[in-house]
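**Q** starting from these lines, generate the structure:
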Amino acid sequence: MEIGCITISHKNAKVEEIEKIWLTVKPRLEEVISKCSFSEYAYIFTCNRFEIYLVGQALESCLREIADELGISAKAEILVGENCLRHLLRVASGIESMIVGEEQILGQVRQCFNLCRKSGQAGEVLERVLARLFRLEEESGGRLQFPKVRFQSALLLLRWRKEFWGR
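**A** I've put the predicted structure just below:
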């Protein structure tokens, strides 16, 4: 079992392109990802990013097929395993934001994952990953503090590694 994601952000697409991708992809998302073997998924959509997170087996090839079928391969980055978890932490902490350190993204991540969980898309693994992330937020006084995020990221990645992969 592994976690992986497709990410398109302000780094590789214009805001208008991200919005267009979202409007094109959203109606087809369930149909396209159903062709892959996964146990749960979630997505994040903001004005500066669109991301799909999957939990399953052999995700790298699956995510590439999804990106190809959705027509987003040229703009998409594929991340799996620890790289995906590190990316999610960087997104939630604002490091990957257009304005580095902005604070709204964590609430947007929480909102997107809550919607996916309520609709039955996100399951146990993503729930554990996000619970750890939000607990880190609480431990750091209500936000993932940008100056401390590298240390916090390292600690969280070590916890995730042990919990999910037994290492």
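**Q** from now on I want contacts and neighbour counts done on CA atoms only, so please keep to that.
**A** Fine.
**Q** just the strands in this structure please.
**A** Ranges of strands in the chain, per DSSP state E, are 2-9, 38-46, 49-56, 77-80.
**Q** mind listing the strands the last one pairs with, and their directions?
**A** Here strand 77-80 has these sheet partners by DSSP bridges: strand 2-9 (antiparallel).
**Q** got it, and the second one?
**A** Each strand that strand 38-46 pairs with, and the sense of that pairing, follows from DSSP bridges: strand 49-56 (antiparallel).
**Q** how distant is the partner strand from the center of its chain?
**A** 5 Å (CA atoms, centre = their mean, to the nearest Å).
**Q** quick one: the helices in the chain?
**A** 15-25, 29-33, 59-70, 82-93, 104-118, 124-139, 149-165 (DSSP state H).
**Q** picking up where we left off before, which of the strands of the chain is buried the deepest?
**A** strand 2-9 (a mean of 24; mean count of other CA atoms under 10 Å).
**Q** what's it in contact with?
**A** The contact list for strand 2-9, computed with CA atoms under 8 Å, 6 or more residues apart in numbering, reads 18, 48-60, 63, 67, 75-81, 84-85.
**Q** cool, stretch 112-128 as well?
**A** By CA under 8 Å, 6+ apart, stretch 112-128 touches 39-45, 55.
**Q** could you work out the end-to-end span of that stretch for me?
**A** Stretch 112-128 has an end-to-end distance of 15 Å (CA to CA, to the nearest Å).
**Q** so, low pLDDT: which residues of the protein?
**A** Scanning the chain for pLDDT under 70 picks out 100-103, 136-167.
**Q** just flag the most distant two among the contacts of stretch 112-128.
**A** Greatest spacing in the contacts of stretch 112-128, by CA to CA: Ser39 and Phe45 (20.7 Å).
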